[in-house]
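**Q** I'd like to go over a predicted model; first the sequence, then the structure.
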Amino acid sequence: SGGVCVEDTFHVYGGFGANGTVAPTDVHGDLWRYDGGWIQLPTPGPYPARYPSLCAHGSGFHLFGGCTVTNKRASFSNELWWFDSSAWTRQEPRAGDLPEPRYTSALGRVADHLVLFGGNSQDRNQGKHFYGDVWVFSLSGMTWERVHGPEQGPGPRYGFGWAANGDRLYVFGGFDGQSDRGDLWLLHMNSLTWELLAEEGSADAPPPRYCPALGVVNDDMVLFGGRSKVSPKVNYADTWRYSGRWERIDNAPGPVYHAKPAYASDNKRLWIFGGESSNGHISDLWMYDANGWRQQHPPRNDDPLLW
């Protein structure tokens, strides 16, 4: 699923496995809002998608890409849409080049520009493509521009944790096609320059991983969970905070292992919904703030055994 915070409420779009299968066609385009309880909005999205990129602005949000279904096969999108709390509008480029279709990208907004980084796709021959490029979409000109290739910044990867806060876009970890990564990067969206905040590999840093949740809470980075791509049985349920250096936080009684959750933050809270547990897809909802973790909604009765 994709997650986004809009005006203090957490939204979840689409996702994979809601019917309890791992079939490529078990992908959905429903839209839900959590406001003390789950509410399914009567305006489903433009297409079913897993891991689309969502970015809030005012009372609405942008949606880019995702892994969808075409002719009963997994496919990838590079469409851009806007949801204004009641209706969807396609933000179709007028001319020029387009980002390659992909999912698990990072997406932020500064002024009247959207900034896109990274992601992954797969061709018909099952060949995987990892992206490390930066694209900017002008909402006034309705055009995309590729401003950086993979030679700058984190390089090609997907499944990284990411968070947009103001004019800053943070990226942690991911998988680059060969290795799990554990570095923390900052893209200054006004200047479109990268800054390496924390290298990977130190003893007091989070172990490398992909598909964690990352958010901004009270101006600090908060990292939770994920798993190893190269060692699939290595799963994480740890919580870390970065405020100039990494610090592990005792998250009990926080969530247990979650990877690939829908997540979002608004500098006050980090929300995580569902994802993969060690036994399958799950549907519990958790929130982290200055007081730590609290479960906001229990899992469905048909969730796999988690504990």
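**A** Alright, I've got the coordinates.

**Q** Could you list the low-pLDDT ranges of the protein?
**A** Within the chain, the stretches with pLDDT under 70 are 20, 22, 125-126, 251-252, 278-279, 302-307.

**Q** Mind doing that once more with 80?
**A** 17-24, 72, 123-127, 251-253, 276-281, 300-307 (pLDDT under 80).

**Q** any idea which residue of it is furthest from its center?
**A** Going by C-alpha atoms, centre = their mean, the residue of the chain most distant from its centre is residue 95, 27.6 Å out.

**Q** need the contact list for the closest residue to that residue other than its chain neighbours.
**A** Spatially, and ignoring its direct neighbours in sequence, residue 95 is nearest to residue 143 (6.2 Å; C-beta to C-beta, 6 or more residues apart in numbering). C-beta here means a position set from N, CA and C on the backbone, and glycine is covered the same way. For residue 143, the contact set (C-beta atoms under 8 Å, 6 or more residues apart in numbering) comprises 93, 94, 95, 96, 137.

**Q** Could you do residue 204 as well?
**A** 245, 246, 247.

**Q** I'd like to know how many residues surround the second one.
**A** Meaning residue 246. 18 (other C-beta atoms under 10 Å).

**Q** wait, doesn't residue 150 sit right on residue 131?
**A** Yes: contact criterion C-beta atoms under 8 Å: residue 150 and residue 131 qualify, at 7.3 Å.

**Q** tell me, what's touching the two both at once?
**A** With C-beta under 8 Å, 6+ apart as the test, residue 150 and residue 131 both reach residue 156.

**Q** More neighbours: those two, which one.
**A** Each of residue 150 and residue 131 has its neighbours counted (other C-beta under 10 Å); residue 131 has more, 23 against 16.

**Q** picking that back up, could you measure the residue nearest to residue 95 against residue 283, distance?
**A** 39 Å (C-beta to C-beta, to the nearest Å).

**Q** most neighbours, which of the contacts of residue 143?
**A** residue 137 (23 neighbours).

**Q** starting at the chain centroid, how far to stretch 231-249?
**A** 17 Å (C-alpha atoms, centre = their mean, to the nearest Å).

**Q** Can you give me the buried ones in that stretch?
**A** Buried residues in stretch 231-249, counted by 16 or more other C-beta atoms under 10 Å: 235, 236, 237, 238, 239, 240, 241, 242, 246, 249.

**Q** cool, stretch 2-20 as well?
**A** Result for stretch 2-20 [16+ other C-beta under 10 Å]: buried residues 2-6, 10-18.

**Q** Please apply the same query to stretch 167-184.
**A** Result for stretch 167-184 [16+ other C-beta under 10 Å]: buried residues 168-176, 180-184.

**Q** which two in the residues you listed are spaced the farthest apart?
**A** 168 and 180 (24.0 Å; C-beta to C-beta).

**Q** Which element, helix or strand, includes residue 283?
**A** Counting by DSSP states H and E, the element that carries residue 283 is strand 280-289.

**Q** that older thread, now for the buried residues of stretch 2-20, which pair is the farthest apart?
**A** Every pair of the buried residues of stretch 2-20 checked by C-beta to C-beta; the farthest is 6 and 17, at 24.4 Å.
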